[in-house]
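Visitor: I would like the atomic coordinates for the input below:
(2 chains)
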Amino acid sequence: MTILVDIDHIDKIYPLKNGGEYVALRNVDLKINQGEFVSLIGHSGCGKSTLLNIIAGFEQASIGGVVLSGKLITAPGPDRMMVFQNYSLLPWLTVRQNIALAVNKVMTDLPAEERKEIIEKHIDLVGLRAAAEKRPSQLSGGMKQRTAIARALAIRPQVLLLDEPFGALDALTRGNLQEQLMAICEEYKTTCVMVTHDVDEALLLSDRVIMLTNGPEAHIGQILNVEFTRPRKRMEVVNDPKYYVNRGEIITFLNQQKRDKRRKRKVEVEKMAVPAIAAVRLVEKSVVTLGYVPTTDAAPLIVAKEKGFFAKYGLTQVELIADSSWQTIADGLANQRLDCAQLLAGMPLAMTIGVDRRRPTPIVTAMVLARNGNAITLSKKLYDDGVRDLQGLKEAIEATPELPHSFGLVDNVSMGSLLTRYWLASGGIDPDQDISLSLMSSAEMKNQLSKGFIDGYLASEPWNSAAVKDNTGFVVATDLEIWDGHQNKVLGVRENWAQENPKTHVALIKALIEACEYCDDRRNREEIVQMLARPDYLNLPAAQLRPGFIEPFQRSQDQAPELLLRFNQYYVEQSTCPRRSEAVWILTQMARWGITPFPKNWVELLERVYSREIYGKAARELGLQDGVDDHTLVKLFDGVLFNPDDPLSYLDSVTIHREICIEEIAIDEPVLKRTSRSLKTAA
Amino acid sequence: MTTAPARPASPTAEKAIEIFQSLIPPVICSSATLLLWQLLCSGADSKMPGPIKVVSQTVGTITGGFSETGIWMQLLNSLTRVGIGYVAAAILGIAIGVTIGVNKFLRDGFDPLIQILRTVPPLAWLPISTILFLQTPKPAENAGIFLIFITAIWPIIINTAVGVQQIPKDYTNVAKVLKLSGKDFLLSILIPSTVPYIFTGLRIGIGLAWLAIVAAEMLSTGAGGIGAYIWNEYTSMLDDSISKIILAVFSVGLVGLVLDRIVGWLGSLVVAE
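Guide: I've put the predicted structure just below:
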């Protein structure tokens, strides 16, 4: 399949009268293949028509652009013929003349004979032979739109653009026209982009349905692949069980967006009520309490404070508060002891949903602080038994069913533990039934391992290399091998704090992005090690901090140390950008292992928790690229492709899992009214 | 013999009945007016002739109206003048209207001027136009034509310009997508979609022109035309003068109506429904 239309990261910004600006579209990135039928759907004001107009060339993108078969679109042209909602026929011309005007003015290189043939052929194509001599005022709405379609198709456009083409027609005519259009498009392999409000229309006609979120800063919220075989028949499509699943997805998306619209309006109203004294200041708050757990992943926070990045952005009094456990951090955020904190990757979502009967605390995460940095260590005993990899581990466990097998994890919602479970399950080991998982602090794991209480653990450094050094264990896999570049620690703030202190939030992220850049420069690493080792921070000997961070990483006594440049990744490859595709993966894994229910309104949840608006603002102010594509497939070590736009199908496909619940997560309502649906029961 | 109401009439007969019925109210009301007029003017000392007297006194004028100074020739004289001035106003008015309709700078630039000039009463132009054409072979004739022109052009310009601005976005979008050239756009989109506005302007223009010509001819000397005819009759004040004036006034009204209808009819031919 060749890409015909490449909508390349476009922003559409309108200047406002008061000197501000309205961002209608933000970072819309979409590739449309030759012959594909794509629908754009969303609530009014979501910018779908703006997007279509940009493709048509009626409007220009403020940033980015649309490329049609290698050429940047700068003006309207007949290669992108538009079918307008109100038909746009010229009332003084007959049906034939309307079509002829287009054909004669566009296909000027053809002889008159041939042009005439084309005109007549397209009159027949839409079945308007009898009405060819009639003027638009003598035609019904359906006939007018058929004329418009014939006019558009006659000039052989590369892309047919349809702006709610059937919106003004009655149901019966609409149905007939949809089928006619579908037949014509299938016959001529026409590439189409259609804006619509109608979910059924989108499903019947499209190969892909692009769902746009509400403006401002509208972007692609979800992409649905519609996989009914072509040629399609309405009744066959409607009777397909997939139809209702797909329909439900779109309706759920639209409902989430409706709710989001209401919430945003409410926040706006509340903001208006507060006098805007802080508006002139650089930041609303200069005192910020920032919680963290002392590990090497905390490096950006410490560097930002020590190297003056916080101060540079007006945050003169950032108080770094070290907490001993993630639970303390979570409680600190919930009870407002902390304004913001370094969190485990899964925590923002888990806290917003509410795990372990805790009250949900809506959290916003707008930045990733650290990626990678974990490894799975197995005991020396397993090594001696010949275990070298996952397969070996599975065999070893199967060989000794009478023995208890146990793994140590720091927390259920850390990326490390989700990856460990994933890793085990990929090897056919059920992480809850074939072995037992127990929660403990990283420092304790090594002891437990050496005493033989556990068979392995996942931990960050120095806890892996320490076991290797003591020859009590060996590293079977680093997380680089499981999922290179996954998010590990993120910055989380309470949602209401984010709403009250938007400037402080952006300043904080700008400072931390620069700190991350500093951390990823290997020339600074020794200095950072010295900084981290200080008693007021990690309070560890510097030598313990170096493996992986600076020094080559040793997997076992028998192997030479290996330099892993990305073992601690802070900045490169847009490391700091909070990717929603990763967040969807986290949601599916937490649901898979029964940690949280899978939110039916997952798009809404991600829109709120994973704030790309704030990250984008900070990144743009720093002159960095403000986003990444959230709709590409994620591939992990086992080769399984994860489609971030279709998590439900993914959950359907996993074999080892706990009972998976799919629930509507009502974030703002104090009494959780959860309509639960069980996807499947434990295998 | 009466026609049975139940009998279905043929379409032509039905139409004839319809026309006949539509004629009843105007005939009754006009007759009543004439009757009232006759009654009011039937006194022996009445200066004003009644309708019967008017008709009897003007039979000669009507039949002999085709001589050089006759009423019909004078009417034709006026019509010719209006024709020339009006056609010139139409051509130039549409051209200017399209130009300023398309160009925002010119539109904004000329708008105040046009707004001022269009409210100037036609007769206020008379001295200027007389002086302007004093040196030409037929000064009164040309001044009259110019007066018609300057009176009729404003509504044509304004309506055309508005029409151009009011071209629905749908049509310009079609033009943009099809990448129509300037000429194609003018002929295929701009003119057809502006035509209703142009004809509104033309209709207002012809009304004003006809209003102006009578007054102008009355005031300017040696121009002839129906206005001069009325004025001559007024100054000579013979026995039948008032009757002739009444006949002339009625003819002016009738011609004005016919002109308005002709332009309206032309418009309906061109404008798509």
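Visitor: CA only for contacts and neighbour counts going forward, please
Guide: Noted.
Visitor: what does chain A put close to chain B?
Guide: Residues of chain A lying near chain B by C-alpha under 8 Å from any C-alpha of the partner chain: A:76-78, A:80-82, A:88-92, A:102, A:105-106, A:137.
Visitor: just the buried ones from these?
Guide: The neighbour-count criterion (16 or more other C-alpha atoms under 10 Å in any protein chain shown) marks A:76-78, A:80-82, A:88-92, A:102, A:105-106 among the residues of chain A next to chain B as buried.
Visitor: out of these, which are inside helices?
Guide: Among these, the members falling in helices (DSSP state H) are A:102, A:105-106.
Visitor: which one of these is nearest A:Leu390?
Guide: Nearest to A:Leu390 among those is A:Val106, at 63.8 Å by C-alpha to C-alpha.
Visitor: what's the burial count for the residue nearest to the closest one when sequence neighbours are not counted?
Guide: Nearest residue to A:Val106, sequence neighbours excluded (C-alpha to C-alpha, 6 or more residues apart in numbering or on different chains): B:Leu178, at 6.3 Å. By other C-alpha atoms under 10 Å in any protein chain shown, the residues close to B:Leu178 number 26.
Visitor: in the stretch 151-300 of chain A, which residue sits nearest chain B?
Guide: As assessed by C-alpha to the nearest C-alpha, chain B sits closest to A:Ile155 within the stretch 151-300 of chain A, at 9.3 Å.
Visitor: OK, contacts around A:Gly64?
Guide: Contacts for A:Gly64 (C-alpha atoms under 8 Å, 6 or more residues apart in numbering or on different chains) come out as A:8-11.
Visitor: neighbours around the closest residue in space to the residue of the stretch 151-300 of chain A closest to chain B that isn't next to it in sequence, how many?
Guide: Spatial nearest neighbour of A:Ile155, excluding adjacent residues (C-alpha to C-alpha, 6+ apart): A:Val103 at 5.7 Å. Residues within reach of A:Val103, counting by other C-alpha under 10 Å, total 25.
Visitor: what do you get for A:Glu187?
Guide: 10.
Visitor: what's the helix or strand for it?
Guide: helix A:171-188 (DSSP states H and E).
Visitor: still on that earlier bit, now the contacts of A:Gly64 as a markdown table including pLDDT?
Guide: Shown next, in a markdown table, are these (pLDDT from 0 to 100):
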| residue | pLDDT |
| --- | --- |
| A:Asp8 | 89 |
| A:His9 | 88 |
| A:Ile10 | 91 |
| A:Asp11 | 91 |
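Visitor: just the buried subset of the residues you listed, please.
Guide: A:8-11.
Visitor: hmm, back to that, from the chain's centre, how far out does the helix holding A:Glu187 sit?
Guide: With C-alpha atoms, centre = their mean, to the nearest Å as the basis, helix A:171-188 stands 34 Å off its chain's centre.
Visitor: in it, which residues are buried?
Guide: For helix A:171-188, burial by neighbour count (16+ other C-alpha under 10 Å) applies to A:174, A:177-183, A:185-186.
Visitor: likewise stretch A:431-444?
Guide: Using 16+ other C-alpha under 10 Å as the test for burial, stretch A:431-444 gives A:431-432, A:434-435, A:437, A:442.
Visitor: now the two most distant members of those.
Guide: Across the buried residues of stretch A:431-444, the longest distance by C-alpha to C-alpha is 22.6 Å; it joins A:Asp434 and A:Ser442.
Visitor: contacting residues for the residue in the stretch 1-150 of chain A that chain B sits nearest to?
Guide: Closest contact between the stretch 1-150 of chain A and chain B, by C-alpha to the nearest C-alpha, is at A:Gly77 (4.5 Å). Applying C-alpha under 8 Å, 6+ apart to A:Gly77 gives the contacts A:56-57, B:176-179.
Visitor: how about A:Ser465?
Guide: Counting by C-alpha under 8 Å, 6+ apart, A:Ser465 makes contact with A:475, A:547, A:553-555.
Visitor: ditto for A:Thr213
Guide: Residues in contact with A:Thr213, defined by C-alpha under 8 Å, 6+ apart, are A:42-43, A:46, A:219-221, A:257.
Visitor: apply 6 Å and report the result again.
Guide: Going by C-alpha atoms under 6 Å, 6 or more residues apart in numbering or on different chains, A:Thr213 touches A:219, A:221.
Visitor: report the buried residues of stretch A:532-541.
Guide: For stretch A:532-541, a neighbour-count test (16+ other C-alpha under 10 Å) marks A:532-533, A:537-538, A:540 as buried.
Visitor: show me which of those residues is closest to chain B.
Guide: Closest approach to chain B among those (C-alpha to the nearest C-alpha): A:Leu532, at 62.5 Å.
Visitor: can you tell me the helix or strand for the closest one?
Guide: helix A:525-533.
Visitor: what are the contacting residues of the next helix or strand along the chain from that helix?
Guide: Downstream of helix A:525-533, the next assigned helix or strand under DSSP H and E is helix A:542-545. Residues outside helix A:542-545 that contact it (C-alpha under 6 Å, 6+ apart): A:462, A:533.
Visitor: now the stretch 51-200 of chain B against chain A: closest residue?
Guide: B:Val177 (4.5 Å).
Visitor: per-residue pLDDT of the residue nearest to that residue when sequence neighbours are not counted, please?
Guide: Using C-alpha to C-alpha, 6+ apart and skipping the chain neighbours, the partner closest in space to B:Val177 is A:Gly77 (4.5 Å). pLDDT for A:Gly77: 91.
Visitor: how many residues are close by A:Asn447?
Guide: Counted with other C-alpha under 10 Å, A:Asn447 comes out at 14.
Visitor: my read is that A:Ala375 contacts A:Glu481, right?
Guide: No - under the criterion of C-alpha atoms under 6 Å, A:Ala375 is not in contact with A:Glu481, lying 9.2 Å apart.
Visitor: could you list the low-confidence segments of the chain?
Guide: You didn't say which chain, so I picked chain A. Within chain A, the stretches with pLDDT under 70 are A:271, A:273-282, A:357, A:669-683.
Visitor: right idea, wrong chain: chain B
Guide: For chain B, applying pLDDT under 70 flags the ranges B:1-9, B:272-273.
Visitor: who in it is up against chain A?
Guide: Chain B comes close to chain A at residues B:170, B:176-179, B:272, as judged by C-alpha under 6 Å from any C-alpha of the partner chain.
Visitor: thanks a lot, see you next time.
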